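In: what's the 3D shape of this:
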Amino acid sequence: MPPLTPDGLRFIGVQLPEIPEKTFFTIGEIVELSHVEAHVLRFWEGEFAHIKPLKRSGNRRLYRLRDLCAILCIKHLLYTLNFTHQGARQRMNQGDLAQFVEQPDTREMLYLIRDSLKEAKHFLQQ
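Out: Presented below is the predicted three-dimensional model:
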């Protein structure tokens, strides 16, 4: 599996925003970069072990680059590849994301197979 780094995420087809070179990001910055609402991020912290922000005084969350990469990967699994929360959690824990990325030609190939089967069915009905 490609690691949860910007390059690893690009490899599996995740669209990445321009990520500033910083050590820590606030929750507002993560919301802006990932386009995931703050309440969803807080929920995901409890659902996915890969998101572990540092908590400072006043319960302020500080996210690292690895947290941002995990968030972007989870978002990709849930919203682009239509995984369930449980499926995305299992995939993240197993670390085999690259095996389940839909290849661009897969959908086209399925359409061709479907059309061939329709033609065969029509031929057999005659």
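In: mind checking the longest helix of this protein?
Out: Counting residues, the longest helix found in the chain (DSSP state H) is helix 104-125.
In: now that one: mean pLDDT?
Out: Taken as a whole, helix 104-125 has a mean pLDDT of 80.
In: Distance from that helix to the middle of the chain?
Out: 30 Å (Cα atoms, centre = their mean, to the nearest Å).
In: what does that helix contact?
Out: Counting by Cβ atoms under 8 Å, 6 or more residues apart in numbering, helix 104-125 makes contact with no residue outside itself. The way it works is simple: take the backbone N, C-alpha and C, and place the C-beta from them, glycine included.
In: Let's see it as PDB, backbone CA atoms only.
Out: Written as PDB, here are the backbone C-alpha positions of helix 104-125 (Å, rounded to 0.1, in the frame of the first residue of the first chain):
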ATOM      1  CA  PRO A 104     -10.300   4.400 -15.000                       C
ATOM      2  CA  ASP A 105     -10.900   1.700 -17.500                       C
ATOM      3  CA  THR A 106     -12.900  -0.600 -15.200                       C
ATOM      4  CA  ARG A 107     -16.200   1.100 -15.700                       C
ATOM      5  CA  GLU A 108     -15.800   1.200 -19.500                       C
ATOM      6  CA  MET A 109     -14.900  -2.500 -19.400                       C
ATOM      7  CA  LEU A 110     -18.000  -3.300 -17.400                       C
ATOM      8  CA  TYR A 111     -20.200  -1.500 -19.900                       C
ATOM      9  CA  LEU A 112     -18.600  -3.500 -22.800                       C
ATOM     10  CA  ILE A 113     -19.200  -6.800 -21.000                       C
ATOM     11  CA  ARG A 114     -22.800  -5.800 -20.300                       C
ATOM     12  CA  ASP A 115     -23.400  -4.900 -23.900                       C
ATOM     13  CA  SER A 116     -21.900  -8.200 -25.100                       C
ATOM     14  CA  LEU A 117     -24.100 -10.100 -22.700                       C
ATOM     15  CA  LYS A 118     -27.200  -8.200 -23.900                       C
ATOM     16  CA  GLU A 119     -26.200  -9.100 -27.500                       C
ATOM     17  CA  ALA A 120     -25.700 -12.700 -26.600                       C
ATOM     18  CA  LYS A 121     -29.100 -12.800 -24.800                       C
ATOM     19  CA  HIS A 122     -30.800 -11.300 -27.900                       C
ATOM     20  CA  PHE A 123     -29.100 -13.800 -30.200                       C
ATOM     21  CA  LEU A 124     -30.100 -16.700 -28.000                       C
ATOM     22  CA  GLN A 125     -33.800 -15.600 -27.900                       C
END
